[in-house]
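*Asks:* What would the 3D arrangement of this be:
(2 chains)
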Amino acid sequence: MFHSTLTTFLLVVPLAVLTYAFDTFSEELLLKPLGNDHLYAHFQFATKWDTDPEQESFRHTHMFPRALGEIVARYNVQELHVSLTAGLWMYETWGYPIMDAAPGAELWVWFKEDTENVDKNWKELASSLSGLLCASLNFIDKTNSINPEYTFKPRGAVSSPTINSTFVRYSSLPREIVCTENLTPLKKLLPCEAKQGLGSLLNAGHIYNTRYHSMAIHMRPICRDSSCESVSLELQQSVSLVYDLLILEAKHWSFRKLFGQGVIGRCVLAETATIYVDTTNNESVPFQLKPDPDEYVTSFRGGYVHTYAKYDVQSYVMSLNANYLGKNKVVLNSPPAIYANQYITGYGQERGGIVTTIYNNHWSPLDVVFLQNIPWYVPIYLHTLKIDAGGVRIEPTRIHYIPGRQRERPYHLEVLVKLPARSITSLSIDFDYVFLKWQEYPPDANHGFYIGSAVVSTILPLARNYTGLPQDGSTISDSFNASRSGYLVQMRTESTVITLPTPDFSMPYNVICLACTVVALAFGPLHNITTKRLILIVKDNEHFIVKLKNKVVGIWTRRTSE
Amino acid sequence: MSRRARLLQAKDEPYETRTIISMYMLGIFIRFWLIYSKYQSIIGHHVEISTPLNSWKRVSEGLYVQSKGINPYEGDLIHEAPVILLLYRILTQTFYLPAEFLFLLVDSLTAVVLYFVAKKYMFHLFVFQEKQKGEYAQDSKEFILSGADFLNSPVFVMAAFLFNPYTIFNCVGLSTTVFHNFFLAIFLLFMLQGNPILAPIALAFSAVMSLYAGVLISPLFLYLYVIYKDKVRAYIALGVFTLTLVALTCFSYVLGSGSAFLKNVYGFILTVPDLQPNIGLFWYFFTEMFDHFRELFICSFQINATVLYLIPLSVKFRNDPFLLTTAVLFLVAIFKSYPCLGDIGFVMSLFPCFMHLFMYAQQGFLVGVIFLITSALGPILWHLWIYSNSANANFYFGVTLAFAIAEIFLVTDILFAYMKREFCLKYGSERKIDGKEAILMLE
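*Replies:* Prediction:
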């Protein structure tokens, strides 16, 4: 008996180890000064698992978080992209982030092509993720989701060359407030959690003291090798932070200042654990790193050169300081090739307009796809869509428009437009303010209603200010020397708030009574007119008081006469 | 003796044709001036004038979306029936008529049609009076209408339509109620002429646009049945109406590529999903309604707007179906789900037909004052609520309530006046029983 158990054990354990030996985990941290006064910190945790996503049941996982795997398997998800963000990425001054994310919560998912009821799966997936990440993703349903036609293409490997956009869903919740309750579940999905490795820097007490913070989970199937005969599953978990050095009260930064502590050892499960510091601008704004980096890496990408100081995370507690040398210098900001803003026009609560301004600083025309998911309570008029570059009206290349329906479906507007070289293009569209039922207003009705960010996608020919990962890469190091024919950016604009006119919430009974009274005012006379006829009767023209007096006098005279 | 010669025996001179034409031109000029002025968009954006159901902005959106190959009934901005949308498309895109010109043209045509409507009705009234003269009381001679009464009423009707600010704003604000009113005017004309084919067809077009106009089939039936004493024609009219409605709906079904338009047009009118304020009673009532009572109250309000008064009024006023038509139109304009000033203005322009009732009306002053005050206060309080945030919804609601009350007083007053006049004609104006003072009472 004992012998057979032992044999089984001896046989099974190496088998299991063999089966799961094909997943790798790597963690990276990139620190990049943004201009003179901001510091960008991006944590990138990538898990690659050589398993067939079609066959995988997620009963046994190794590095891959099983909780997420079960959800993915259950709802037939092919690709999952979820981000929780507070603050707005300032493209104009900060360049492009490694991962774009809209303010609030954003979720976009590709379902596998054999999914029967995509809408049902989408709703349930959002609810499950809501539980997994402690976010209000459960508010995502048909009324605020669209299936983008051009903007969100699969990022990973696909089985068929034709892409059917009925299997993609996109939604954003701009009102979502992101905080520590979302960070803790994210840390739990990491193989070493926050106990060791770079995860230990995610110290909620410090990282929310930032101008911008965004956490994201991206899961997709990728090619296992260049022949792409088999696919692997890739999971990227990331945390992006932008520190305002003025808030840190010093130009010099250190791990202790940024995260409250140093790196507690190296995550033993990680194949690579690296810290990069962007030193490209070190000549104009010199700073000295302590300890000295293990090596400097130079990256030539899309016509631009970047240098990075590289540190391998060691098995002991590790910290990093940067001391700025010399006087404060003003660094001229060179804005990226393309960026966009969004705002609301008009005054009052009757009619307004949404305007998105797209700046093209590039020397050649750029094709962009503009996507807007406008909630149903902001009815837009397509015939008022005006695209205008410096006073010249531009005809869009293509418009994909699905009109919304009150309480059922948002307005989905996707515009393909060619921006002239060196131009400022504005897309404007008019909308009406709607009046909702009193129970449809949120508790703080005068806080306003959010319109989510627009997504402006384009392929840049040059990699100026570009830090994004290439499509075939999953780590920051993959983006070094990754020159490609184009660089995809999907910028998110500001989300905006409009204040819808409100009724008086204390009035229901009064209104019901008053309106019914008016109806009764018609009913009474009309009932009389139609059911009665006119007759003459003798007029009793004595006044009530006269009558009363006569009566009293009558009684009095009767009494006295008795 | 010809009809005209008999009418001309009256001592008051009727208006000259020249006067009528210059008045007509003035009415058109006012519209023309306003429609091309900067005030056009201000007027057109007022909620009292354009409702979700009749705003030209939504029609333009529908036509634009359609031209892009998208079914406009997929969204919920457009609430015009596909047939009517086709009509607008033909007029604006095939004939290249500018919208402003189109509205001017249709509104001025409506004025002409209304003139002939009133003329025809006055003739009916004259014939009726001649027939009944024998039954009238001795001292009721002063109540009998004279030639000038008959000849001038049509002029007054046209003037009331041309110079009523409500109809002017309706036309200038490009509300599609202009087309609805045009179909209604044609219906009235053919109804008075006793035409059993064209009247129901015109009515069916109105009904396809607004649904509520369908209730006017009852006065049409009565007109043919009671006034023209022609059962066959009355039933033909019923049949033609039903057939036209079915045909228009089927045509809409084909044009709107499916039944989506039913929900967008008639479902929208009946279930009131858009709660944008207007001059009616629905918007605030259903904004503040508790969800589990919504269906109950929607049903009762819709019944109230359509059939509740229709049957008793039809029975009571079967001898004067034109008065019945006016009363029913007015009640519908008060109680429909998305009323606008154009509806009220149209009905009010028919009132000069009943000038002989005005002396029996008692609340003219009150109603006039309320109309004046609410018409001024409405836009002011709207501005305070929506633009300056210093008032709230209750203020505007109060104004619409007062406006509705004035309308109700007006229509009930006219109906009472009709009853009183009938009484006076029959029993004389002497109100004495056995020498004692007596008063008129309803019993």
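
*Asks:* for the stretch 51-200 of chain A, what spans make up the helices?
*Replies:* A:66-74, A:91-94, A:118-133, A:180-188 (DSSP state H, counting those that start in this stretch).

*Asks:* And these: which comes nearest residue B:407?
*Replies:* When the helices of the stretch 51-200 of chain A are compared by CB to CB, helix A:118-133 sits nearest residue B:407, at 46.5 Å. Every residue, glycine included, has its C-beta placed from N, CA and C.

*Asks:* Tell me the buried residues in that closest one?
*Replies:* Neighbour counts over helix A:118-133 (16 or more other CB atoms under 10 Å in any protein chain shown) mark A:118, A:121, A:122, A:123, A:125, A:126, A:127, A:128, A:129, A:130, A:132, A:133 as buried.

*Asks:* Among those residues, which one sits closest to residue A:96?
*Replies:* Of the buried residues of helix A:118-133, the one sitting nearest to residue A:96 (CB to CB) turns out to be residue A:133, at 25.1 Å.

*Asks:* who's in contact with that closest one?
*Replies:* Contact analysis of residue A:133 by CB atoms under 8 Å, 6 or more residues apart in numbering or on different chains lists A:82, A:84, A:182, A:185, A:186, A:217.

*Asks:* Return the list of helices and strands in contact with the host helix or strand of the last one.
*Replies:* Element membership for residue A:217, per DSSP states H and E: strand A:212-223. Of the remaining helices and strands, those touching strand A:212-223 by 3 or more CB pairs under 8 Å, 6 or more residues apart in numbering or on different chains; DSSP states H and E are helix A:66-74, strand A:77-86, helix A:180-188, strand A:231-244.

*Asks:* who does it pair up with?
*Replies:* Using DSSP bridges, strand A:212-223 pairs in its sheet with strand A:77-86 (antiparallel), strand A:231-244 (antiparallel).

*Asks:* Return the set of buried residues in the longest one.
*Replies:* To tie it back to what came earlier, the one meant is strand A:231-244. So, applying 16+ other CB under 10 Å, buried residues of strand A:231-244: A:231-243.

*Asks:* Can you pull up the residues of the stretch 151-300 of chain B that come close to chain A?
*Replies:* Residues of the stretch 151-300 of chain B lying near chain A by CB under 8 Å from any CB of the partner chain: B:273-277, B:281, B:283-291.

*Asks:* Got the phi and psi for residue 330?
*Replies:* If you meant another chain, say so; for now it's chain A. When read as degrees, to the nearest 10, the backbone of residue A:330 gives phi -90, psi 120.

*Asks:* was after chain B, sorry
*Replies:* Dihedral pair for residue B:330: phi -70, psi -50, per degrees, to the nearest 10.

*Asks:* Check residue A:370 too.
*Replies:* Note on residue A:370: its backbone torsions stand at phi -110, psi 120 [degrees, to the nearest 10].

*Asks:* any idea how far it is from residue B:223?
*Replies:* 59 Å (CB to CB, to the nearest Å).

*Asks:* do the same with residue A:70
*Replies:* Residue A:70 sits 74 Å away from residue B:223, going by CB to CB.

*Asks:* quick one: which of the two has more around it?
*Replies:* Ranked by neighbour count (other CB atoms under 10 Å in any protein chain shown), residue A:70 and residue B:223 place residue B:223 first, with 27 against 16.
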